[in-house]
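Asker: here is a sequence with its predicted model. Questions after.
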Amino acid sequence: MIVKKVEVFGALCTNAYFYIDEKSGHGFLIDAAAEADKLAAEAAKNHWTIEKILLTHGHFDHIGAVAELSRKFNAPYLAHREAAKYLLDPQWNLSAWSSAPIILPDAVYLDDGAIITLAAAPSVELQVLHTPGHTLDGIVMYDAAAQTAFVGDTVFKDAVGRTDLFGGDAAQLAASIKNKILPLPDVVKLYSGHTEATTVGAVRQYFSRLG
């Protein structure tokens, strides 16, 4: 599998990721955050077909290019069921204070444990792990075969997501990390929304240092 990080700039700098099956050239775009033209050009340059747009959570800095790219790629966008609170409400997704409030009414909603696959490569599987705390709808998307996970703003390199926004809860975030991320193998690489990649083992060491 190919992991291609593209930094895009809206109100914030956010990591968007292409997750592409090498044989078929089909894959996912994870967190179509901003700069739709830049992301579309990256896919076109590499001759990638984007089957689905996946959202780790519904904050404005992760969803700004979703509507445009969903049309351009003819690809549905998928999010956890709790994301409706964010995708349908510019106050909850924090875009209400921008010049272009975001409303995304056509999401395909997922539950904890759902498996996301590619039509062109059905053996590629991402498991949805619901990790509320930063937001109500936060998810990790985990590829056990590739030992790869996309974690959004749940954890970062040597940090965790903030919990002071709509739906945030520090105790819930700690439980999500303990129950959904730390049980994964230490070698699993974690791709976050705003920092360099880390690993489950590094997250475990970070929490052990905190005591």
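Answerer: Perfect, I can see it now. Remember, predicted model here, so these are calculated numbers, not experimental data.
Asker: any idea how far the least confident helix or strand in the chain by mean pLDDT is from the middle of the chain?
Answerer: When each helix and strand of the chain is scored by mean pLDDT, DSSP states H and E, helix 200-210 comes last, with a mean of 87. Centroid separation between helix 200-210 and its chain, computed with CA atoms, centre = their mean, to the nearest Å, is 21 Å.
Asker: residue contacts, the residue nearest the centre of the chain?
Answerer: With distances taken as CA atoms, centre = their mean, the chain has residue 56 as the residue nearest its mean C-alpha position (2.9 Å). For residue 56, the contacting residues are 30-31, 62, 138-141, 150-154, 193, by CB atoms under 8 Å, 6 or more residues apart in numbering. For glycine as for every other residue, the C-beta is placed from the backbone atoms N, C-alpha and C.
Asker: and of those residues, the nearest to residue 120?
Answerer: Distance to residue 120 across the contacts of residue 56 (CB to CB) is lowest for residue 30, with 17.1 Å.
Asker: okay, and the nearest residue to that closest one once chain neighbours are set aside sits in which element?
Answerer: By the measure of CB to CB, 6 or more residues apart in numbering, the closest residue to residue 30 outside its immediate chain neighbours is residue 17, 4.3 Å from it. The secondary structure element spanning residue 17 is strand 13-20 (assigned by DSSP states H and E).
Asker: next one: that strand to chain centre, how far?
Answerer: Taking the mean of its C-alpha atoms, strand 13-20 sits 8 Å from the chain's own mean (CA atoms, centre = their mean).
Asker: need the contact partners of the following helix or strand past it.
Answerer: Going down the chain from strand 13-20, the next helix or strand is strand 26-30, by DSSP H and E. For strand 26-30, the external contacting residues (CB under 8 Å, 6+ apart) are 1-2, 16-21, 39, 43, 48-56, 69, 73, 75, 116, 118-121, 124, 126, 141, 150, 191.
Asker: mind running it again at 6 Å?
Answerer: Counting contacts by CB atoms under 6 Å, 6 or more residues apart in numbering, the residues outside strand 26-30 that touch it are 17-21, 49-54, 118, 120, 150.
Asker: quick one: mean pLDDT over it.
Answerer: On average, the pLDDT along strand 26-30 is 98.
Asker: quick one, helices of this structure?
Answerer: Assigned helices in the chain, in chain order: 36-45, 60-63, 66-73, 84-87, 170-176, 200-210 (criterion: DSSP state H).
Asker: select, out of those, the one closest to residue 6.
Answerer: Nearest to residue 6 among the helices of the chain is helix 36-45 (5.6 Å), distances taken as CB to CB.
Asker: residues of the closest one that come out buried?
Answerer: Within helix 36-45, the residues that count as buried by 16 or more other CB atoms under 10 Å are 36, 39-40, 42-43.
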